[in-house]
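Visitor: predicted coordinates and the sequence they were generated for:
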Amino acid sequence: MKRSVWLIGVLVCAGCVQPPPAPPPKPFAFESGRTPYSAAICIARNARNLANITAEERILGDSAWEVIVRAGAETLAMAEAHNRGTGSLVTLRVTRDYRGNPADFARRLLSDCQAQPVER
């Protein structure tokens, strides 16, 4: 009897162990010929052109912009556009809530934004 109780206790505790959290997705980096403001507006416009997607752009500090892309309550992507010479450096992180190909989604959000991928 004691052995059965002990075995049940071990099995119950084994189910309680949580795996370590997965690392956050790596961001995609793009150089854009647009200003940070113009790049953020472009990303938000591309997001809003997708079905059931919303986007909110807001200023970060003096010269950077952020865009949050959502489907309902789920955040699908976050982009930041920072000043870089005459254009901007855009970093875009697609979250795990997006169920498709993250690279394709990033490219779709930056299409027509005069953006080229940056190798990291």
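Guide: That came through, no problem. Numbering: from 1, shown residues only.
Visitor: show me what the longest strand along the chain is packed against.
Guide: Under DSSP state E, the strand in the chain containing the largest number of residues is strand 74-84. Contact here means 3 or more CB pairs under 8 Å, 6 or more residues apart in numbering; DSSP states H and E; on that basis strand 74-84 packs against helix 36-48, strand 64-71, strand 87-94, helix 102-109. Glycine gets a C-beta too; all of them are placed from N, C-alpha and C.
Visitor: not counting the last one itself, show me its contacts.
Guide: Residues lying outside helix 102-109 but in contact with it, judged by CB atoms under 8 Å, 6 or more residues apart in numbering, are 25, 28, 30, 43, 46-47, 50, 69, 76-77, 79, 92, 94, 98.
Visitor: any chance of those residues in a markdown table, plus neighbour count, pLDDT and distance to Ala115?
Guide: Output for these, formatted as a markdown table (neighbours: other CB atoms under 10 Å; pLDDT from 0 to 100; distance: CB to CB, whole Å):
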| residue | neighbour count | pLDDT | distance to Ala115 |
| --- | --- | --- | --- |
| Pro25 | 13 | 72 | 19 |
| Phe28 | 23 | 95 | 10 |
| Phe30 | 25 | 96 | 4 |
| Ile43 | 30 | 98 | 9 |
| Asn46 | 19 | 97 | 11 |
| Ala47 | 24 | 98 | 14 |
| Leu50 | 15 | 95 | 17 |
| Val69 | 27 | 98 | 15 |
| Leu76 | 24 | 97 | 18 |
| Ala77 | 26 | 97 | 14 |
| Ala79 | 28 | 97 | 10 |
| Leu92 | 23 | 97 | 9 |
| Val94 | 24 | 96 | 15 |
| Tyr98 | 18 | 94 | 19 |
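Visitor: closest to Gly85 out of the residues you listed?
Guide: Phe30 (14.1 Å; CB to CB).
Visitor: hang on, that closest one packs against Leu110?
Guide: Yes: the pair Phe30 / Leu110 is scored as a contact, 5.5 Å apart, by CB atoms under 8 Å.
Visitor: shared neighbours, the two?
Guide: Joint contacts of Phe30 and Leu110 (CB under 8 Å, 6+ apart) are Val90, Leu92.
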